[in-house]
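**Student:** What would the 3D arrangement of this be:
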Amino acid sequence: MKKKMAILLLGIIVAVAVLAGCGGKKEAGSPVVGDYKLASVESGGMTVDVDEYKEMMGDDSLNMSLSIKSDGTFSIDAAGQSGEGTWEYKEPVCTLTIDGEPQECQYEDGVLTMDFSGVKMNFEK
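**Tutor:** Residues are numbered from 1 along each chain as shown. Okay, the predicted model is just below:
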């Protein structure tokens, strides 16, 4: 009886180790992993290209970058302010979480879109 329990326990330990290993590989192969920059902003039916805006206005306030890492973490830099958090991807939604506050983003064709009260920010790789 003790031998059967030991074998069962060993089997459970191996299964947990295999499943934990699969989790890391899933994130590493996720299409959202990579470095992004804010490319455009949409509001009220208008779309503003960030590079054109910076060139016309001489204003770098829209400089934003986002780095999603394969280890399940991300970092964001927005106009000199930075933050770090974790992410989870369930197609087509990528959820970025900082300080327990989740932000759902839509991911499609290399573009990650965040929606803040009707203002859409499009990040491209």
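**Student:** what's the burial count for residue 30?
**Tutor:** Counted with other C-beta atoms under 10 Å, the neighbours of residue 30 add up to 18. C-beta coordinates here come from the backbone N, C-alpha and C atoms, glycine included.
**Student:** Wait, a helix at it?
**Tutor:** No. Looking at residue 30 with DSSP: H, G, I helix; E, B strand; the rest coil, it is coil, so not inside a helix.
**Student:** That one contacts residue 89, correct?
**Tutor:** Yes. Assessed by C-beta atoms under 8 Å, residue 30 is found in contact with residue 89 at 5.0 Å.
**Student:** Disregarding residues adjacent in the polypeptide, which is nearest to residue 79?
**Tutor:** Leaving aside its sequence neighbours, residue 79 sits nearest to residue 61 (C-beta to C-beta, 6 or more residues apart in numbering; 5.2 Å).
**Student:** Now do the helices in this structure.
**Tutor:** 2-28, 50-57 (DSSP state H).
**Student:** Tell me how far the last one lies from the chain's centre.
**Tutor:** Helix 50-57 has its C-alpha centroid displaced from the chain centroid by 26 Å (C-alpha atoms, centre = their mean, to the nearest Å).
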